[in-house]
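**Q** Next comes the sequence, and after it the predicted model I'd like to discuss.
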Amino acid sequence: MRGLGHGEPKWQAMAGRERKRTGEQTRMWALGCLAAALAACGGRYEFEPYAYGAFDTAPPQFGAPGMDVSAGSDLGSGAGDAATSGLGDSAASDGALSDGALSDGKVSDSGGDGSTCDHSGDCALDSDCPKTSCNKGICKAGCCVLTALADGTSCNDNSACTISDACKAGSCTGTAKDCSDPYACTDDSCDAKTGKCVAKAAKGWCFIGQTCYQDTEANQENPCNVCDAAKSQTAFSLGQGCCSVAADCPKGGPCDVPTCDKGTSTCSMAKAAGCCSSDLECSDGNLCTLDSCDVVTGTCAYQTISCASPNQCQDGVCDPGSGQCNSVTKGGWCMIDGGCYSEGDPNPSTSCKVCSSLASQSGWTVMSGALCNDGNPCTFGDSCGANGKCVGTPKSGCCLSDSDCQQSGDPCAPMQCSVGIGSCVPIPVAGCCTAGTCCDAGSLSIKSAGSTCGSGPLSVAYQCSGQQVQKRETWAGCNGSSPDGCSTAAGAQVVGAWQTVKTCAANTVCTATSASSEPTCKTTQPTGSCANSCGTKASSGSCYCDGFCTAAGDCCTDFLGLCGCTSGECCNVAQSYPKTAGSACGAAVSEYSCTGKTLKIRSGQPSCDGKNTCVTSGTAVVWGGWSTLKTCGASENCATGVDAIPGTCAPIPAGSCNGRCGTQGDGSCWCDSFCKELGDCCADYDTKNCSKFQTCGATATGSCNGNCGSQGAGSTCWCDSACDTFGDCCSDKIICSCL
């Protein structure tokens, strides 16, 4: 129930107003009845005019059919009603009609007080008097007196919207029907004509199917059903963009046919037959057309693809299936091996094949049996064969190829067939030779310019090169153009390179007397020994043991055995003496180191040790600065590398060094002094301080006495050659040469 104010239900307020108006109306109606009754008795009654505006309708005529005249309540002993005050000149103090009030003898309502009326013949019986539903007429002394019935007497207030009607103080009053309902959106009332309760939707609401909807609210089951209170409060209206018929839908594009789904009240568009909205809808299945759609009109257009002619003998034709332009040979033409030939054109290589478009437009047609010329003078009667070749009959004694010629035996002038004349002739080979001082008979070719020739050298020269006796020869030279072009002229002579003939012994010296005489090795070595004297003069005698004695020829006889050298990268071969210590030798080397998890590298140049040995490690190497190579991860060990293996980051093996320093851990890892190089230390190697233990018998207990080469006595230590590697040597491993 909505719209109630100040705590009073609307129906209750209306009912109160209705009851008040009904009481006044009933009272006046009763007075009218009374006046009519009195008139019927022959009396003359005058009534002051009454304001009928207080009535909904004019009072009913007295004595009308079915009228209950007992309903009036104000004709009895009521207390001074304004409606009755106009009946006489004055009113009795108790409100009753008195004789004095009606000088012409009107009805008296004095009751049983003994008074009488002038016209006692107005009634004889109570039934002669008028009555209402809550008043009864009593005839007293010929006068009718109205008396109110007891309160609570059942009556009818003539209102269909009341119940439990009962008399009270001479008036019929009913209780208004309760028409309130459980719906918050309705204004509830009673229909006065039918007495039925009526529920109407309040302003701004719709009441549809026993459900309240606020203005603009949509039905959850169908969003197109909307409450539009301005249009209807009892039925749904169409929402924005919804439809009931197709005409409610927007027109759309040229290809759209609006339709309305009456079940959901929604619009959709169907496509018009034969209409297009995109180029893809215009495909005609022919790839030789450009299909397009005019979206303004919704019509398709098709433009034929034009293919250009590729050459003079072909037309370009589009293939509808692939859309590719293909070449089609024109009539009277042939397209053979990429060339255009008109009807009757011969094959450029043989007249036995021609273009015959009726036979084939893509291949040559053989003119079998036609006369031709094979171009060979050794044939006659040439004609085209079935294979398209021009073939003639060979002439007797005529060569057709080199194989028909008999060779003369001269490799530099073989017999070859001259096809033009059909005869075999000798053809010289350029640069070919079989004899001559400048001819290489093996390859039948002339020696190149600068090659030596002749039966021997023109001259020989000698020299000493340290301890080596060397010579070189001068020969006559070839000119490179003739097999006999050997010349001794100064500009043509060929001077050879110096060649070692022999090397003088350590206790001799090479001595040359002239350029044309071979040097000799003379003994010049003084007496003495190089024992403990390398690099200086012999401790005894007059010979030397340094790097200069070879050139001076004063080396001691045991120089090479004790101090000298004859080969090696650290040997000065010319001096037969080791190079100075620190001289560079060999290839650069690398060294790795670990600082925690950081792997570092440096490069160095090996150097000679002054004793003919190239040292590749230690202080003899000239090292560069350290640089970081990589940083190992948390699960990796940094390994410095051994035996020329580069340093690396190796995965940490499983196990622990707890109580195992100097030997293998309790897993696959190690705790000895080599694990840092090999990268197989246990993860807790450093935290267990295993680095302070030595490998050779530093941690293991027991003795090697009498156990060299096997396990030590009394414990788990070892005395073999492998204990150094495994770190489990006995402490006295020294007795087994543990160095």
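**A** Happy to help now that I have it.

**Q** Surely Ser691 forms part of a helix?
**A** Yes. Assessed by DSSP: H, G, I helix; E, B strand; the rest coil, Ser691 belongs to a helix.

**Q** Look up the pLDDT of it for me, please.
**A** Ser691 carries a pLDDT score of 77 in this model.

**Q** all helices for the stretch 551-700 of the chain, in order.
**A** 559-562, 675-678 (DSSP state H, counting those that start in this stretch).

**Q** Over to the chain?
**A** Counting by DSSP state H, one finds helices in the chain at the ranges 10-40, 549-552, 559-562, 675-678, 723-726.

**Q** now the fourth one, how far from the chain's geometric center?
**A** Shown here is helix 675-678, whose average C-alpha point lies 47 Å from the average C-alpha point of the whole chain (CA atoms, centre = their mean, to the nearest Å).

**Q** Cys690 contacts Cys671, doesn't it?
**A** Yes. The pair Cys690 / Cys671 is scored as a contact, 4.5 Å apart, by CB atoms under 8 Å. Heads up, the C-betas are built off the backbone N, CA and C, glycines and all.

**Q** what do these two both touch?
**A** By CB atoms under 8 Å, 6 or more residues apart in numbering, Cys690 and Cys671 have these common neighbours: Cys657, Cys661, Gly662, Cys681.

**Q** Surely Ser171 touches Cys134?
**A** Yes. Counting by CB under 8 Å, Ser171 touches Cys134, with 6.0 Å between them.

**Q** Please report how far Cys144 lies from Ala124.
**A** 11 Å (CB to CB, to the nearest Å).

**Q** of those two, who's got more company?
**A** Legend: neighbour count by other CB atoms under 10 Å for Cys144 and Ala124, higher for Cys144 (24 against 11).

**Q** Hmm, that one is touching Ser127, no?
**A** No. Judged on CB under 8 Å, Cys144 makes no contact with Ser127 at a distance of 10.4 Å.

**Q** one step back: adding distance to Cys334, write the shared contacts of Cys690 and Cys671 out as CSV.
**A** Output for the shared contacts of Cys690 and Cys671, formatted as CSV (distance: CB to CB, whole Å):
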residue, distance to Cys334
Cys657, 94
Cys661, 98
Gly662, 97
Cys681, 87
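
**Q** okay, among those, which ones form the most distant pair?
**A** Of all pairs drawn from those, the greatest distance, 12.2 Å, lies between Gly662 and Cys681 (CB to CB).

**Q** so how far is Cys144 from the residue lying closest to Cys167 once chain neighbours are set aside?
**A** Of all residues not flanking Cys167 in the chain, Cys134 sits nearest, at 3.7 Å (CB to CB, 6 or more residues apart in numbering). Distance from Cys134 to Cys144, counting by CB to CB: 16 Å.

**Q** follow-up on the earlier one: closest one of the shared contacts of Cys690 and Cys671 to Cys243?
**A** Nearest to Cys243 among the shared contacts of Cys690 and Cys671, with distances taken as CB to CB, is Cys681, at 85.4 Å.

**Q** who's in contact with the closest one?
**A** Neighbour list for Cys681: Asn637, Ile652, Cys657, Cys669, Trp670, Cys671, Cys675, Cys690 [criterion: CB under 8 Å, 6+ apart].

**Q** Repeat that for Cys719.
**A** Applying CB under 8 Å, 6+ apart, the residues contacting Cys719 are Cys704, Asn707, Cys708, Gly709, Ser710, Gln711, Gly712, Cys729, Cys730, Lys733, Cys736.

**Q** hmm, which of those are the buried ones?
**A** Buried subset of the contacts of Cys719 (neighbour count, 16 or more other CB atoms under 10 Å): Cys704, Asn707, Cys708, Gln711, Gly712, Cys729, Cys730, Lys733, Cys736.

**Q** Closest to Asn311 out of those residues?
**A** Nearest to Asn311 among those, with distances taken as CB to CB, is Cys729, at 95.2 Å.

**Q** who's that closest one bridged to?
**A** In this entry, Cys729 is beta-bridged to Trp718, by DSSP bridges.

**Q** what number of residues lie near the residue lying closest to Ala148 once chain neighbours are set aside?
**A** The shortest distance from Ala148 to any non-neighbouring residue, by CB to CB, 6+ apart, is to Gly170 (3.5 Å). Using other CB under 10 Å, Gly170 has 26 neighbouring residues.

**Q** Could you tell me how far Gly170 is located from Asp157?
**A** In terms of CB to CB, Gly170 sits 13 Å off from Asp157.

**Q** you'd agree the residue nearest to Cys167 is up against Thr147?
**A** No. Look at Cys134 against Thr147 with CB under 8 Å: they stay out of range, at 10.3 Å.

**Q** So if I had to pick from the two, which one is more boxed in?
**A** For Cys134 and Thr147, the more surrounded residue by other CB under 10 Å is Cys134, and the numbers stand at 29 against 19.

**Q** What backbone torsions are found at the more buried one?
**A** With angles defined as degrees, to the nearest 10, Cys134 sits at phi -120, psi 10.

**Q** With Pro646 instead?
**A** Torsion angles, degrees, to the nearest 10, at Pro646: phi -60, psi 150.

**Q** Just the pLDDT for it.
**A** So, for Pro646, pLDDT stands at 89.

**Q** Setting aside sequence-adjacent positions, which residue approaches it most closely?
**A** In space, Pro646 is closest to Tyr592, 6.6 Å off (CB to CB, 6+ apart).

**Q** Could you measure from that neighbour over to Cys669?
**A** Tyr592 is 20 Å from Cys669, by CB to CB.

**Q** now Ala301
**A** Taking CB to CB, one finds Ala301 at 83 Å from Cys669.

**Q** Look at these two and report which has more neighbours.
**A** Cys669 (22 against 14).

**Q** Give the residues shared as contacts by Gly662 and Cys681.
**A** Cys671, Cys690.

**Q** What are the buried residues along stretch 461-481?
**A** By neighbour count on 16+ other CB under 10 Å, the buried set for stretch 461-481 is 461-462, 464, 466-471, 473-479.

**Q** Of those, which is the nearest to Glu518?
**A** Closest to Glu518, out of all of the buried residues of stretch 461-481 and judged by CB to CB, is Tyr462, at 5.0 Å.

**Q** can you tell me which residues contact Asn572?
**A** Gly547, Cys565, Pro578, Lys579.

**Q** which strand residues sit across from it in the sheet?
**A** Here Asn572, judged by DSSP bridges, has bridge partners Tyr577.
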